[in-house]
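>>> model this:
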Amino acid sequence: MERIAYGTNENQFGELRLPEGDGPHPVAVVIHGGFWKKHFGLEIMNDAAESLTSQGFATWNIEYRRVGQEGGAWPGTLKDAAEACDYLSQLSNSNSLDLKKVITIGHSAGGHLALWLAGRHRLSEDSELVTSTSPLPIAAAVSLAGVNDLRRMYEVHHRRDTSLSLQPANPTAELLGGAPDEYPKRYREANPVELLPLHVPQVIVHGSMDINVPVGSSDHYYQMAENLGDFIKYVKLPEDEHFMLTDTSSQAWETILEEMDLLKKHV
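Numbering: from 1, shown residues only. Below is the predicted model:
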């Protein structure tokens, strides 16, 4: 494993793992979750990255500036993910990476970023989130219990806080600076479901027992993507909760590896 900086900030780096063999290797861009907050870092995806590497993927486990850190939240968190992904172009020659087979895979808030990276080519040229006129093409995107619809995730937390008279704690609002009616353009540009159709194959995996990110978010995203003509596969796991999807000893992870192997062969 090699830690490599893609920017000048201490949180702008990734960890590159290479599989055995000469390559060129398909690449999995691995993206951690944690509701985009500073308390959670890329180490929570180390096991997943190592597992994917053992299955023949070069893995680029990326870190990014997060909510609560200087430069984090809007727009830095999303721009960091974009720049980390594009940095693969600089890593490809010396590491024998197959840039025609780059698959983004993220968990929870990382699932949001995995889909957003696949859809950012649909941003308007004047978007604050644009970091390149020719972003690295994504061959496929995999969202594991992902925050696939930011507006719905905002409403989940807003209704909970209101109904239980809790102190407001809304991760989506913290990421984007406020509510959807305050920043409609930000929600439009950062929300994967509003960038559909992505014109990129997608796999959505979600556990029915998830109490952190409601499975209904993936239900809605899948229906929208399919209706708009995207190739999308939805794997709903009836017995699994949120964190089982990154537990490499679980049956859920075996299912995810099978889906990644299929993508590796067919994209």
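>>> which of the three states applies to A225?
Here A225 is helix, with the state taken from DSSP: H, G, I helix; E, B strand; the rest coil.
>>> does it touch I232 like I think?
Yes. A225 sits in contact with I232 when judged by CB atoms under 8 Å, with a separation of 4.4 Å. The way it works is simple: take the backbone N, C-alpha and C, and place the C-beta from them, glycine included.
>>> need the overlap of contacts for the two.
Taking CB atoms under 8 Å, 6 or more residues apart in numbering as the contact rule, A225 and I232 both touch Q202.
>>> name the residues that touch stretch 79-98?
For stretch 79-98, contacts defined as CB under 8 Å, 6+ apart pick out 4, 6-7, 9, 11-12, 14, 16, 18, 22-27, 29, 31, 58, 60, 62-65, 99, 102, 104, 113, 116-117, 120, 129, 131-132, 135-136, 138.
>>> tell me the spacing between T104 and A169.
28 Å (CB to CB, to the nearest Å).
>>> give me the pLDDT for the spatially closest residue to I44 that is not a sequence neighbour.
Excluding the flanking residues, the one nearest I44 by CB to CB, 6 or more residues apart in numbering is H32, at 5.2 Å. pLDDT recorded at H32 is 98.
>>> one more: L198?
With respect to pLDDT, L198 scores 98.
>>> could you say which helix or strand holds it?
Per DSSP states H and E: L198 is located in neither a helix nor a strand.
>>> wait, isn't it in contact with W116?
No. Using CB under 8 Å as the test, L198 is too far from W116 to be in contact (9.4 Å).
>>> more crowded one of the two?
Comparing L198 with W116 by other CB atoms under 10 Å, the one with more neighbours is W116, at 29 against 24.
>>> strands of this protein, residue ranges please.
Counting by DSSP state E, residue ranges of the strands within the chain are 2-5, 13-17, 25-31, 58-62, 97-107, 140-144, 202-207, 232-237.
>>> list the contacts of the residue lying closest to E174 once chain neighbours are set aside.
Among residues not flanking E174 along the chain, V67 sits closest, at 4.8 Å (CB to CB, 6+ apart). Under the criterion of CB under 8 Å, 6+ apart, the contact list for V67 reads 35-38, 73, 77, 171, 174-175.
>>> who has more neighbours out of T104 and A169?
A side-by-side neighbour count of T104 and A169, using other CB under 10 Å, places T104 first with 29 against 11.
>>> which stretches of the stretch 51-200 of the chain have low pLDDT?
Applying pLDDT under 70 to the stretch 51-200 of the chain flags residues 161-168.
>>> what ranges do the helices span in it?
With DSSP state H, counting those that start in this stretch, the ranges of helices along the stretch 51-200 of the chain come out as 76-86, 88-95, 109-119, 150-163, 171-176, 184-190, 192-195.
>>> I'd like those helices written out as a markdown table, with distance to V215 added.
Compiled in a markdown table, these are given as follows (distance: least, CB to CB, whole Å):
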| stretch | distance to V215 |
| --- | --- |
| helix 76-86 | 24 |
| helix 88-95 | 31 |
| helix 109-119 | 12 |
| helix 150-163 | 11 |
| helix 171-176 | 17 |
| helix 184-190 | 21 |
| helix 192-195 | 15 |
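>>> pretty sure K38 is touching G72, no?
Yes. Taking contacts as CB under 8 Å, K38 lies within contact range of G72: 6.8 Å.
>>> so the two - more neighbours on which side?
Neighbour totals were compared for K38 and G72, and G72 leads with 21 against 15 (other CB under 10 Å).
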